[in-house]
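# Would you be able to build a 3D model of this:
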Amino acid sequence: MKYFLTIAASDNSGGAGIQQDMKVANELGYWALSAVTGITVQDFYNVNYIEAVKSSLVFSQVEKCLSAFPVKAVKVGAVCSLENIQMIAECFKKFKIDNIVLDTVLSSSSGMKFLDRSSLDVIKKELFPLATIITPNKPEFEILSNEKFSTIDEGVAIAVEKCKEWDTAILLKGGHFENKIIEEALISDEGVLRFQRGRSHFKYQHGTGCTLSSALACFMGNGLSLENSYKQASGYLLKHYDLLQNKLQ
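Below you'll find the predicted structure:
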């Protein structure tokens with residue numbers, strides 16, 4: 001049995017967060033473990049409320065999962081508090097886990113903040129170096145890097161430097177660039193890989209970031225390279241949301 005761990009907030013609508021991460025992992029052949037960092041009240045379109053879980057409880061959940069199961073892959077989503085960042089980092093240092101995907105969820109698409117700006121330096125210092133890869137979209141990467149940019153080329157140039165500073169690989173996602181095609185980039189100490197695909201216009205888009213990052217972690221846990229894990233995860237994302245459009249009509 002292969003074990004996957006998601007460390008993220010709960011989504012009562014089931015379309016994102018821990019619930020979606022676990023569904024993805026299950027579909028990709030993993031037993032899904034979880035550590036809840038926060039409780040949300042939301043539907044497919046808006047997050048109305050967030051309450052962080054007590055950091056000692058987050059630590060206990062993560063520690064139990066990592067000590068009791070041979071975890072192959074970890075996805076970290078919304079951590080919900082500065083204290084939770086510190087507790088998760090402490091667990092990762094204790095257990096030396098591979099294949100950690102950190103989805104840098106700073107706020108919901110409707111604007112509800114999962115982390116305040118005072119926590120950004122801590123997550124960059126404490127968690128980024130422990131992650132195999134982080135997966136920011138354009139707005140998230142602008143906040144994290146404290147730099148504005150309008151094109152993927154400008155974003156990649158910044159990411160090359162941040163990859164060294166933060167000691168982690170970066171998947172710069174392309175959905176928020178105003179292009180007819182999706183352009184994305186994978187930046188690591190091995191160089192820059194660029195990808196293009198057609199832009200799909202999904203009526204239902206809830207949880208796309210969670211889905212991609214969880215799938216990425218699962219394929220990495222299968223022993224694939226970052227490049228091939230990204231390709232497989234991207235293909236899974238498109239197939240998954242194509243199927244959902246008809247089901248949710």
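# all contacts plus neighbour counts: C-alpha atoms, from now on.
OK.
# in the protein, which strand has the most residues?
strand 30-42 (DSSP state E).
# Where does the prediction get shaky in this protein?
Along the chain, the model assigns pLDDT under 70 to residues 107-112, 175-178, 198-202, 204, 241-249.
# what's near enough to touch the residue nearest to the spatial centre of it?
Nearest to the geometric centre of the chain sits Asp103, at 2.0 Å (Cα atoms, centre = their mean). Contact partners of Asp103, counting by Cα atoms under 8 Å, 6 or more residues apart in numbering, are Lys75, Val76, Gly77, Ala78, Ile134, Thr135, Pro136, Gly209, Cys210, Ser213.
# Out of these, list just those in strands.
Those of the contacts of Asp103 lying in strands (DSSP E): Lys75, Val76, Ile134.
# In terms of distance to Asp116, which of the residues you listed ranks first?
Nearest to Asp116 among these: Val76, at 17.1 Å, using Cα to Cα.
# Which residue ranges of this protein form helices?
17-27, 55-68, 82-95, 120-122, 138-145, 152-166, 208-221, 226-247 (DSSP state H).
# Ok, which of these comes nearest Leu186?
helix 226-247 (7.5 Å).
# thinking again about what came up before, most packed of the helices of the chain?
helix 208-221 (a mean of 27; mean count of other Cα atoms under 10 Å).
# Off-centre distance for that helix?
Using Cα atoms, centre = their mean, to the nearest Å, the mean C-alpha position of helix 208-221 is found 7 Å from that of the whole chain.
# Which elements pack onto that helix?
Judged by 3 or more Cα pairs under 8 Å, 6 or more residues apart in numbering; DSSP states H and E, helix 208-221 is in contact with helix 17-27, strand 71-76, strand 100-102, helix 226-247.
# partner strands of the second one, parallel or antiparallel?
The one in question is strand 71-76. Looking at strand 71-76 with DSSP bridges, its partner strands are strand 2-10 (parallel), strand 100-102 (parallel).
# Ok, which of these comes nearest Gln196?
strand 100-102 (21.4 Å).
# quick one on the thing from earlier: can you give me the angle the longest strand of the chain makes with helix 82-95?
170 degrees (axes from the mean of the first three to the mean of the last three Cα atoms, to 10 degrees).
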